[in-house]
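please find the sequence and the predicted model below.
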Amino acid sequence: MSIKAMFQEGHILAEAGRDPRGSQSEKGSAEWEVRENHAWLVQELTRDILPSKQKFYASGGRGLNKANRAAQKHDGPEYLAPGMTERAREGIVGKLRWFHPSYQDTAIYLWLFLLGTGWNLATAVEIDVSEESAWCEPHPQKPKFCIIHSYKNRPGKEVFIPCLRKPEWHPYRILRFMIERTAPLRRTVLKRLAVARATLKAQGTPEAAAEVARLEAMSKSPWLYHVVNQVGEIGYLTSSDSFHLNNIVRLVADKHGLFEQHPSLAAVVTRDGRSAWIGHAYITSGNNILIARLAAQHADYSSLVHYLNRRRYRAQSEGLVRSFQDAAFSEIESGRVVDASRIRLMLERGQITPEQERRLLDVRKRTRLGMGCLTPTTPPPGISPDHLPGTVCRVQRCTGCSSGIVFGDSIIPLARARAELLFIQRTIPMAAWAGSSFAEEAEALESTLAEFDAAEVEELVQDWLGRLLSGERQAHDTFPAY
């Protein structure tokens, strides 16, 4: 990336340079003609904090800005971020860009962070990096991951995102890079904050209080930058920068000739990153509203509708209606009795083979849970990992299987299986039940039975449970166990 290459260029130049100021006792010992020496001095004078122009001059750095001869005049990096003019390469501020990010540089990293997290701008700029624990904590189960968190300023709600630690352009590495790169700027802010607090204590004016608040907020932000038109000044990105951030990303798209292929980029804004994140979760999950809400971290669905692409959502809904109509009228035209299960299968899978149709119609081919099966000899590995090829599935955990088909009359065997599991749960320790296949099967059965009338399900389950408790019936003993 050009910005990192610019910083690397500054490091290489500084390593090859030396102090250009020379010695007062040795006339002519100054070496401002060497570009590498300019980089060395800027790095040396800004290693701890960012000085003002007057302090640069006081430290003998006037040659960074003023040249007695043309050979002594050197500009900063060749790279100019989108929206920059040649002024951003000149003088001290131009050479500062070798080591410290400017407004546009920080803006590009903020955009990468927005796209990688799906957060809105207000949340991203509220990240507090004053301490490691304030923005990042280890993942409780996976050491390769961490949890990045911030707060929505308006509702005061914490938001978070799991993130890999190593990939260069993942949010964690972007934040880590910005924290390290802006460390001298942050130390400068903290030094000025101490002075501002002393002024507030001595004067107690509203202006002094406002300055303390501004510097406190700035000291916590990872989105710091040095101001290119005023040496020594530091700023930070906030929600009020949305207009300029929108303009910068459009300039990036224009610079790389993306408008012809992606004309919508001409109107891109910061909130589009969040909309795209939620929309991606919605589409890749098979238009699952729950997954989209989890990705958005919304407490309910009322806010979600504002982020989903309404045209895409409407087109998807209309497509489902058209597919249902096509399937239903196709059945009518063929002279078949319209069967809800057959239509559902056609909508979900596109077609039903004659063999599958014969098997589903034959009640003798139902599974132990009273369900039909599309692939009885080839169950998914997750359902039956030890399945023998060519044989009928033995475990028949149909409620959690993608090949399982529920019929209206499946309610009785499903209720019986649920009652058997309730009976088994009473006979074994809780530690043995939790995390076992019994608990998993019970959860899948509850989800499946939720599609039936709740009162009828409860009546059937209690009837079967009564028979089991009285000894009239024995619990099914072929449940898979692990």
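That came in fine, so what should we check first?

what helices and strands are in contact with whichever strand or helix holds G10?
Using DSSP states H and E, G10 maps to helix 2-16. Applying 3 or more CB pairs under 8 Å, 6 or more residues apart in numbering; DSSP states H and E, we find helix 2-16 packed against helix 35-45, helix 103-117. All C-beta atoms are positioned from the backbone trio N, CA, C, and that covers glycine.

out of these, nearest to L422?
If you check each of those against L422 by CB to CB, helix 103-117 wins as the nearest, at 43.2 Å.

so which bits of the helix or strand just after the closest one are buried?
Downstream of helix 103-117, the first helix or strand assigned by DSSP H and E is helix 121-124. By neighbour count on 16 or more other CB atoms under 10 Å, the buried set for helix 121-124 is 121-124.

cool, stretch 401-416 as well?
Buried residues in stretch 401-416, counted by 16+ other CB under 10 Å: 401, 403-406, 410-411, 413-416.

end to end on that stretch, go ahead and measure it.
Distance between the two ends of stretch 401-416: 19 Å, counting by CA to CA, to the nearest Å.

just stretch 141-157 next, same as before
Start-to-end span of stretch 141-157 (CA to CA) is 24 Å.

and the contacts of that stretch?
If you take CB atoms under 8 Å, 6 or more residues apart in numbering as the criterion, stretch 141-157 is touched by 117, 119, 122-124, 126-128, 135-139, 158-166, 171-172, 175, 239, 299.

next one: stretch 196-216
Here stretch 196-216 makes contact (CB under 8 Å, 6+ apart) with 189, 192-193.

now the residues you listed in TSV, with pLDDT, distance to K4 and secondary structure?
TSV is the format used below for the contacts of stretch 196-216 (pLDDT from 0 to 100; distance: CB to CB, whole Å; DSSP: H, G, I helix; E, B strand; the rest coil):
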residue	pLDDT	distance to K4	secondary structure
V189	95	23	helix
R192	95	28	helix
L193	95	29	helix
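
tell me the contacts of C401?
Per CB under 8 Å, 6+ apart, neighbours of C401: 373, 379-380, 383.

closest one of these to A217?
Checking these one by one against A217 (CB to CB), the nearest turns out to be P380, at 52.6 Å.

spatially central residue for this protein, please.
T117 (3.0 Å; CA atoms, centre = their mean).

could you measure from it over to Y151?
T117 is 14 Å from Y151, where distance means CB to CB, to the nearest Å.

now do the same contact list for I49.
Shown in contact with I49 (CB under 8 Å, 6+ apart): 184, 187-188, 191.

what helix or strand is the residue nearest to it when sequence neighbours are not counted located in?
Closest residue to I49 apart from its sequence neighbours, by CB to CB, 6 or more residues apart in numbering: T188 at 4.2 Å. According to DSSP H and E, T188 maps onto helix 183-203.

mind listing what's buried in the following helix or strand past that helix?
Scanning forward in sequence from helix 183-203 by DSSP H and E, the next helix or strand is helix 206-220. Neighbour counts over helix 206-220 (16+ other CB under 10 Å) mark 208, 211-212, 215, 218-220 as buried.

redo those residues as a markdown table? Include pLDDT and distance to R47.
Putting the buried residues of helix 206-220 into a markdown table (pLDDT from 0 to 100; distance: CB to CB, whole Å) gives the following:
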| residue | pLDDT | distance to R47 |
| --- | --- | --- |
| A208 | 92 | 30 |
| E211 | 93 | 26 |
| V212 | 94 | 27 |
| L215 | 95 | 21 |
| M218 | 95 | 20 |
| S219 | 95 | 19 |
| K220 | 94 | 22 |
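
so after the helix or strand of the chain with the lowest mean pLDDT, what's the next helix or strand?
Sorted by mean pLDDT, DSSP states H and E, the helices and strands of the chain end with helix 340-349, the least confident at a mean of 65. Next helix or strand after helix 340-349 toward the C-terminus (DSSP H and E): helix 354-361.

hey, where'd the strands end up in the stretch 301-450 of the chain?
Per DSSP state E, counting those that start in this stretch, the stretch 301-450 of the chain carries strands over the ranges 372-373, 404-405.

give me the helices and strands touching the first one, please.
Applying 3+ CB pairs under 8 Å, 6+ apart, one finds that strand 372-373 contacts helix 354-361, strand 404-405.

tell me the mean pLDDT for that strand?
For strand 372-373, mean pLDDT rounds to 85.

swap in stretch 31-51?
The average pLDDT for stretch 31-51 rounds to 92.

next: stretch 90-101.
Mean predicted confidence for stretch 90-101 is 92.
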